[in-house]
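1. What follows is a predicted protein model with its sequence.
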Amino acid sequence: MVVSRHESDPQVLPRRILEDNAGDLQPSRKIVVRVGSSYGLGLRKSDTDAPALTELPSWNQLKFELWLQWELAAPLLVQGVLQVFLGLVSIMFVGRLGELELASASLGISLYNATGYWIMLGSVGAMETLCGQAFGAKQYHKLGEVLQRALFVNTVLCGPVMILWMYAEEILLALGQEPHIADATTRFLYGLFPALFGAAWGMPLVKYLQTQNIVRPLAVCSGLTLAVHVPVTYALVFSLGLGFMGAAYATSISQLVFFFLLLGSIYISGAHKKTWGGWSRRAMFSDVSELWEYVRLAFPSAIMTCLESWVYELALFLAGLLPNPAVQLSAINILTNTTMLTFMLAVAWSAAVSVRVANELGANSPERARLAVLASRVTSVVTAAAVAITLFACRHVWGYIFTDDVPVIKLTASLLPLLSISAATDILQYTMSGVLRGSGKQDFGALCNFLSYYLVGIPMLVFLGFYCNLEAMGVWSGLLMGVLANLVIYSILTSMIDWKKEAETALSRTGGLDTHLLG
């Protein structure tokens, strides 16, 4: 983010107007700032300046903020969907090998996500707060320092995750898994060791770019990775005869390719020039307080993310204990996969509002942070309504996308009305979680997820599904109650935020706002 010297300068890229201290300046004293496009890869918001704030947001103000968030969210949505397709491609190829291979690879990918990928993704939520606010405050050097801490912490986290995977067979056998599946799944996880490091190093780079409003390279890199993943998976699984292990190796290769593509895009774009001062011992060891500040945010952020993802894995496990598990589990699995796809919409909007809130708090603009939250609620409500209507309208045909089994299709159709509500609610609540991450309240988010999903959702799932004999309907009803509880708590929390106080906290965290006023 670079301050423009002259508004008429033909070299000035798309820009916005920030008022000092959220509108305390007179209109003649505006700060004209480029939005994340100083490296030529950020937002492209024409040359329209942000309307000056009024006490009650006008339509023009809201429309401008909506457009900013859309330009952030759209590439992130593309990236998220393409990343989901990586796993689907692997499953599609392995499914042609046989039931054992498919079961082992599916379980392996599920464990990789639950105990590896989601932990790495969750921990870098600390970067959304620290990098986002530092970027808003124009303390650019801090982004590079936080990136180094993120890489260090994620690399350390790989250790216990790999140890857990090494004992996966014993754990799966203790949980009652069949020996041949437990053995094959453990071998599959061994093949995913490089993928774990690829995710551990790639996720910090994603947030490093994202918090600078540079998001288009993320979609491009994801597309290129998928283009590599498909032929590599085919070659390893079939051409080289590696079988289901070829899918594990291909996933590892693709995660590392994504990491190196991100590195290349950062270097080519010059996104590092203002934010990277080189490797520094100070970033990790010399100033322990700043490393601790990162860990203090990263730990609850990882817990916040994992608690939500784990509840669906637990629901799938419990569904396997229902009567007629083949049909019940298949239907719940279809609902879970559908939720994953619609969840990508929530991830995109959540990331967008997180960046906007963090940037504005760092820039000491609490009223614009509040406006960003209002805009995110508008987008999430519209998106949730569209998703709910679409799923409900497609309830009688949706199951055919996944299976030809008539009993599964009929059960799926009966569950789709519930799914339409839960998917819509999930979009609303997860978008609000971005507000918490942008303002550095990951600890509240982790507590909310625990209370909602594990003290409300899971008990109600067991009660309705097993004791009330509602089976799959009861399982998903319990999950829905957990999501609704989370939405209520998040709504209360975000409405109680003191934005002026949060802006002061951001200023103390980043070291102050350094801007040049234009006359």
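-> Received the coordinates, thanks. Numbering: from 1, shown residues only.
2. And the pLDDT for the closest residue to L470 other than its chain neighbours?
-> Computed as C-beta to C-beta, 6 or more residues apart in numbering, the closest residue to L470 that is not its neighbour in sequence is L464, at 4.9 Å. The way it works is simple: take the backbone N, C-alpha and C, and place the C-beta from them, glycine included. At L464, the pLDDT value in this model is 96.
3. Could you count how many residues lie near L464?
-> The burial count assigned to L464 is 21, neighbours taken as other C-beta atoms under 10 Å.
4. Helix, strand or coil: sort out it for me.
-> helix (DSSP: H, G, I helix; E, B strand; the rest coil).
5. repeat for E169
-> The three-state label given to E169 by three-state DSSP is helix.
6. how close does it get to L242?
-> According to C-beta to C-beta, to the nearest Å, E169 and L242 sit 20 Å apart.
7. out of those two, which sits in the more crowded spot?
-> More crowded of E169 and L242, by other C-beta under 10 Å: E169, with 19 against 16.
8. That one against D183, yeah?
-> Yes - using C-beta atoms under 8 Å, E169 is in contact with D183, at 5.8 Å.
9. In stretch 304-320, which residues are buried?
-> 304-316, 318-319 (16 or more other C-beta atoms under 10 Å).
10. CA atoms only for that stretch, dumped as CSV, please.
-> Only the C-alpha atoms of stretch 304-320 are listed here, as CSV (Å, rounded to 0.1, in the frame of the first residue of the first chain):
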residue,chain,number,x,y,z
MET,A,304,-10.8,-22.6,16.0
THR,A,305,-10.4,-24.1,12.6
CYS,A,306,-9.8,-27.6,13.7
LEU,A,307,-12.8,-27.8,16.0
GLU,A,308,-15.1,-26.9,13.2
SER,A,309,-13.6,-29.3,10.7
TRP,A,310,-13.3,-32.2,13.2
VAL,A,311,-17.0,-32.1,14.0
TYR,A,312,-17.9,-33.2,10.5
GLU,A,313,-15.4,-36.1,10.6
LEU,A,314,-16.9,-37.1,14.0
ALA,A,315,-20.4,-37.0,12.4
LEU,A,316,-19.2,-39.3,9.6
PHE,A,317,-17.7,-41.7,12.1
LEU,A,318,-21.0,-41.8,14.2
ALA,A,319,-23.1,-42.2,11.1
GLY,A,320,-21.2,-45.5,10.5
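11. And for that stretch, what's in contact with it?
-> For stretch 304-320, contacts defined as C-beta atoms under 8 Å, 6 or more residues apart in numbering pick out 110, 113-114, 118-119, 121-122, 125, 325, 328-329, 332-333, 336, 339, 430, 433, 442, 445-446, 449-450, 453-454, 457-458, 461-462, 465, 472, 475-476, 478-479, 482.
12. if we go to 6 Å?
-> 114, 118, 122, 328-329, 332, 336, 442, 445-446, 449-450, 453, 475, 479 (C-beta atoms under 6 Å, 6 or more residues apart in numbering).
13. Same question for stretch 492-501.
-> Contacts for stretch 492-501 (C-beta under 6 Å, 6+ apart): 366, 369-370, 432, 435, 444.
14. If you count neighbours, what's buried in the lengthiest helix in the chain?
-> In the chain, taking DSSP state H as the definition, the longest helix is helix 325-362. Going by neighbour count (16+ other C-beta under 10 Å), the buried part of helix 325-362 is 327-336, 338-340, 342-362.
15. check contacts around the closest residue to V78 other than its chain neighbours.
-> Among residues not flanking V78 along the chain, A219 sits closest, at 4.0 Å (C-beta to C-beta, 6+ apart). By C-beta under 6 Å, 6+ apart, the contact set of A219 is 75, 78-79.
16. switch the cut-off to 8 Å
-> A219 neighbours (C-beta under 8 Å, 6+ apart): 75-76, 78-79, 82.
17. Could you single out the nearest of those residues to T129?
-> Nearest to T129 out of the contacts of A219 is L76 (C-beta to C-beta; 17.3 Å).
18. now the helix or strand harbouring the closest one, how far from the chain's geometric center?
-> L76 belongs to helix 59-94 when assigned by DSSP states H and E. Mean-position distance between helix 59-94 and its chain equals 10 Å (C-alpha atoms, centre = their mean, to the nearest Å).
19. Heading C-terminal from it, find the next helix or strand.
-> The helix or strand immediately downstream of helix 59-94 is helix 99-112, counting by DSSP H and E.
20. what does that following helix contact?
-> For helix 99-112, contacts defined as C-beta under 8 Å, 6+ apart pick out 87, 90-91, 94-95, 165, 168, 172, 177, 180-181, 184-185, 187-189, 192, 195-196, 243-244, 247-248, 251, 313.
21. which of those count as buried?
-> Buried members of the contacts of helix 99-112, scored by 16+ other C-beta under 10 Å, are 87, 90, 94, 165, 168, 172, 177, 181, 184-185, 187-189, 192, 195-196, 243-244, 247-248, 251, 313.
22. Show me those residues that map onto helices.
-> Judged by DSSP H, these include 87, 90, 94, 165, 168, 172, 181, 184-185, 187-189, 195-196, 244, 247-248, 251, 313 as members of helices.
23. Who are the contact partners of the residue most central in space within the chain?
-> Centroid-nearest residue in the chain, with C-alpha atoms, centre = their mean: V347, separated by 4.7 Å. Going by C-beta under 8 Å, 6+ apart, V347 touches 76-77, 80, 430.
24. at 7 Å what do you get?
-> For V347, the contacting residues are G80, by C-beta atoms under 7 Å, 6 or more residues apart in numbering.
25. Check it and give its pLDDT.
-> As predicted, V347 sits at a pLDDT of 92.
26. Could you measure from it over to S380?
-> Counting by C-beta to C-beta, the gap from V347 to S380 is 12 Å.
27. try W201
-> Applying C-beta to C-beta, the value for W201 to S380 is 31 Å.
28. Show the model's pLDDT score for the residue nearest to V78.
-> 93.
29. Check which helix or strand it maps to.
-> In this structure, A219 sits in helix 216-234 according to DSSP H and E.
30. Could the C-alpha coordinates of that helix be exported in CSV?
-> This file holds the C-alpha atoms of helix 216-234, laid out as CSV (Å, rounded to 0.1, in the frame of the first residue of the first chain):
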residue,chain,number,x,y,z
ARG,A,216,-5.2,-13.0,-8.1
PRO,A,217,-1.8,-14.9,-8.1
LEU,A,218,-3.4,-17.3,-5.6
ALA,A,219,-6.1,-18.4,-8.1
VAL,A,220,-3.5,-18.6,-10.9
CYS,A,221,-1.1,-20.7,-8.9
SER,A,222,-3.9,-23.0,-7.8
GLY,A,223,-5.0,-23.5,-11.4
LEU,A,224,-1.5,-24.3,-12.5
THR,A,225,-1.1,-26.7,-9.6
LEU,A,226,-4.3,-28.6,-10.6
ALA,A,227,-3.1,-28.7,-14.2
VAL,A,228,0.0,-30.4,-13.0
HIS,A,229,-1.8,-32.7,-10.5
VAL,A,230,-4.0,-34.4,-13.0
PRO,A,231,-1.4,-35.8,-15.4
VAL,A,232,1.1,-36.5,-12.6
THR,A,233,-1.5,-38.5,-10.6
TYR,A,234,-2.4,-40.5,-13.7
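31. Could you check the angle that helix makes with helix 325-362?
-> Comparing the axes of helix 216-234 and helix 325-362 via axes from the mean of the first three to the mean of the last three C-alpha atoms, to 10 degrees yields an angle of 150 degrees.
32. Any stretches of the stretch 1-150 of the chain with poor pLDDT?
-> 1-55 (pLDDT under 70).
33. cutoff 50 now
-> Residues of the stretch 1-150 of the chain that meet the criterion pLDDT under 50 lie in 1-48.
34. From A485, how far off is the closest residue to S104 other than its chain neighbours?
-> Counting by C-beta to C-beta, 6+ apart, S104 lies nearest to A184, which is 3.6 Å off, once chain neighbours are set aside. Computed as C-beta to C-beta, the A184 to A485 distance reads 38 Å.
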